[in-house]
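Novice: Pasting the sequence and the predicted coordinates here, then a few questions.
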Amino acid sequence: MSQHELVILIIAIALVFDYINGFHDAANSIATVVATRVLTPFQAVVWAAFFNFVAAFFFGTAVAQAVGRGFVNIDLVTPWVILAGLAGAIAWDLITWWLGLPTSSSHALIGGYAGAAVAHAGFRGLLIPGKWPLTVTFIFVAPMVGLISAYVLMVMVHWLFQRSSPSKMDKYFRRFQLFSAAAFSLSHGSNDAQKTAGLITGLLYTSHRLSKFEVPAWVLMAAYSAIGLGTLSGGWRIVHTIGGRLTRLKPRSGFCAETGAAGAVLLATHLGLPVSTTHAIAGAIAGVGSIHRMKAVRWGIATNIVWAWVLTIPMAAIIAWISFRILHAIAGV
């Protein structure tokens, strides 16, 4: 296989990952609006996919820059490293999707990329400290920001609507939730699509198709299109976990959860950090669920989700490391 053919193949696989990211993380965007029955599942995925794509026109490429050259030494990366990294990320995403665990596609991609770089060049393949400290910190910060924001919003909603009946509140918030769902889908697209765009740009740079690390417009459009199409295909196993099993939601709590999570993700995007929309929305849902009493949140399920978060980077890295060693044994890369 020529290098030109290899580059095309890896770009195609990267876009497949982006598509998988869309249906894996579709639950994050639509679970609350489906759980509260504001939209049907079909309406919800169309709504979310549209705003996933529209995000391409409002947010820069800081996250793409971070993913492409903020975690690994880009000068030691080869197309085969990127291929193995994608293999690790895709494998872990599919495993957790099948198990119904809402893990982070972002951290799977970072872990896979890092694992493949270590397999190729040892630990000098990693960029230390690079973006690692802030990104690892945000594994814990993002759900806490989502939780606190959503909790505060719920307190404000109860105070502002204290004279309204629950049915009247839900009438208003069924409409408001359309805007909060759109905001969260915008934040999802703004952060997640850029990660794949950063990886493809790294591929083009290391294969000498770009003279400097700068994200081409066509790469951004392709990444945002792929994630939007993935969202259209749903992700119903994880919708069930996030939207129904973690806590019971009403339109007002769904609005607060989506708005709180959107704020957490947009903050990370502004800082140029690849963050997990899964972590943000799960924390926000826990926040609105605990407003009445702590037992309203099924903390056993939440604990399983947290374990999946903690394992994502190392497990994706291990799978990618094995993938690179297999490629090395077969093709001598």
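Specialist: Yep, it's here. Residues are numbered from 1 along each chain as shown.
Novice: Tell me where the stretch 201-333 of the chain has helices.
Specialist: Applying DSSP state H, counting those that start in this stretch to the stretch 201-333 of the chain gives helices spanning 217-232, 236-240, 251-270, 277-289, 299-331.
Novice: I'd like these as CSV, with mean neighbour count, mean pLDDT and distance to F71 appended.
Specialist: Using the backbone N, CA and C atoms, a C-beta is placed for each residue, glycine as well. What follows is these, written out as CSV (neighbours: other Cβ atoms under 10 Å; pLDDT from 0 to 100; distance: least, Cβ to Cβ, whole Å):
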stretch, mean neighbour count, mean pLDDT, distance to F71
helix 217-232, 22, 90, 18
helix 236-240, 19, 52, 26
helix 251-270, 26, 87, 15
helix 277-289, 30, 80, 18
helix 299-331, 18, 81, 10
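Novice: Out of those, which gets nearest to R124?
Specialist: Closest of those to R124 is helix 299-331, at 15.1 Å (criterion: Cβ to Cβ).
Novice: Output the helices of the stretch 201-333 of the chain in a markdown table, with distance to T96 appended to each entry.
Specialist: Output for the helices of the stretch 201-333 of the chain, formatted as a markdown table (distance: least, Cβ to Cβ, whole Å):
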| stretch | distance to T96 |
| --- | --- |
| helix 217-232 | 15 |
| helix 236-240 | 8 |
| helix 251-270 | 19 |
| helix 277-289 | 10 |
| helix 299-331 | 6 |
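Novice: Nearest to I90 among the ones you listed would be which one?
Specialist: Short answer: helix 299-331, nearest of these by Cβ to Cβ, at 9.0 Å.
Novice: so what does the closest one touch, helix or strand wise?
Specialist: helix 79-99, helix 105-121, helix 132-160, helix 277-289 (3 or more Cβ pairs under 8 Å, 6 or more residues apart in numbering; DSSP states H and E).
Novice: residues of stretch 70-77 that come out buried?
Specialist: 70-72, 74, 76-77 (16 or more other Cβ atoms under 10 Å).
Novice: Farthest pair within the residues you listed?
Specialist: Spanning the widest gap among those are G70 and L76, at 14.4 Å by Cβ to Cβ.
Novice: Send me stretch 6-23 as PDB with only the CA atoms.
Specialist: Taking Å, rounded to 0.1, in the frame of the first residue of the first chain, the C-alpha atoms of stretch 6-23 are listed here in PDB:
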ATOM      1  CA  LEU A   6      -2.700   4.800   3.500                       C
ATOM      2  CA  VAL A   7      -3.500   8.400   4.200                       C
ATOM      3  CA  ILE A   8      -6.800   8.100   2.500                       C
ATOM      4  CA  LEU A   9      -7.600   4.900   4.400                       C
ATOM      5  CA  ILE A  10      -6.800   6.500   7.800                       C
ATOM      6  CA  ILE A  11      -8.800   9.600   7.000                       C
ATOM      7  CA  ALA A  12     -11.800   7.400   6.200                       C
ATOM      8  CA  ILE A  13     -11.300   5.400   9.500                       C
ATOM      9  CA  ALA A  14     -11.000   8.700  11.400                       C
ATOM     10  CA  LEU A  15     -14.300   9.800  10.000                       C
ATOM     11  CA  VAL A  16     -15.800   6.500  10.900                       C
ATOM     12  CA  PHE A  17     -14.600   7.100  14.500                       C
ATOM     13  CA  ASP A  18     -16.300  10.500  14.300                       C
ATOM     14  CA  TYR A  19     -19.500   8.900  13.200                       C
ATOM     15  CA  ILE A  20     -19.200   6.300  16.000                       C
ATOM     16  CA  ASN A  21     -18.500   9.300  18.400                       C
ATOM     17  CA  GLY A  22     -21.800  10.800  17.200                       C
ATOM     18  CA  PHE A  23     -24.000   7.700  17.900                       C
END
